[in-house]
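Asks: model this:
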Amino acid sequence: MENQTHNQQPPTNPDDQRAAKDAAFREKLRQMALPLAPLVQLTTGEIHPAFPGTLLNFWLLTDEELEELAHFYHQRTPCRWTLHYPCPIAWSSDMPLEEKRRRIGRFIGLRGCETPLRVKSEEEILEEARAARVSDEEEIWRRKLPWYRS
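Replies: Below you'll find the predicted structure:
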């Protein structure tokens with residue numbers, strides 16, 4: 001009987017070759033295959049047919065599917081059920097695709113889909129500091145000279 005390990009051919013598919021060589025690629029594939037727990041509609045207990053079964057399916061949702069999910073789970077058109085979901089979201093159909101994806105991700109409980117914090121620019125920080133300094137100086141003058149008004 002032949003040794004079967006010698007009969008194995010190296011992978012011929014480029015993706016298989018890359019996966020065999022690249023640990024980061026394998027890890028990303030593993031992450032994208034993570035299953036997502038489905039969310040049920042409050043009124044019927046049903047799961048939307050487009051609900052992503054894996055993280056990869058979430059990233060492949062189209063604009064139309066995101067709209068359908070928001071509507072199905074009472075987020076697009078607010079009603080008495082909207083706020084009864086664990087993480088309700090504000091929805092607008094004119095948002096860009098990535099904003100819709102981020103909000104649906106937050107709605108279904110994905111980490112990293114929170115609303116990004118706005119970071120102030122250096123100029124904004126300097127302007128706020130200057131305004132605070134001027135305000136403090138004016139307050140000092142008001143205390144020293146009661147008749148002083150800026």
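
Asks: got a list of what the residue nearest the centre of the chain touches?
Replies: Nearest to the geometric centre of the chain sits Cys113, at 2.1 Å (C-alpha atoms, centre = their mean). Cys113 is in contact with 102-103, 105-106, counting by C-beta atoms under 8 Å, 6 or more residues apart in numbering. All C-beta spots, glycine's among them, are computed from the backbone N, C-alpha and C.

Asks: Closest one of these to Pro78?
Replies: Nearest to Pro78 among the contacts of Cys113 is Arg103, at 14.0 Å by C-beta to C-beta.

Asks: ok, that closest one to Arg118 distance?
Replies: According to C-beta to C-beta, to the nearest Å, Arg103 and Arg118 sit 17 Å apart.

Asks: Pro86 contacts Gly109, doesn't it?
Replies: Yes. Counting by C-beta atoms under 8 Å, Pro86 touches Gly109, with 7.1 Å between them.

Asks: More neighbours: which of those two?
Replies: Taking other C-beta atoms under 10 Å, Pro86 and Gly109 do not tie; Gly109 has more neighbours (12 against 8).

Asks: pLDDT score assigned to the more buried one?
Replies: Gly109 is assigned a predicted lDDT (pLDDT) of 92.

Asks: ok, the nearest residue to Asp63 once chain neighbours are set aside - how many residues close by?
Replies: Closest residue to Asp63 apart from its sequence neighbours, by C-beta to C-beta, 6 or more residues apart in numbering: Leu97 at 5.1 Å. Number of residues near Leu97 (other C-beta under 10 Å) recorded here: 11.

Asks: One more: Leu61?
Replies: Neighbourhood size, Leu61 [other C-beta under 10 Å]: 20.
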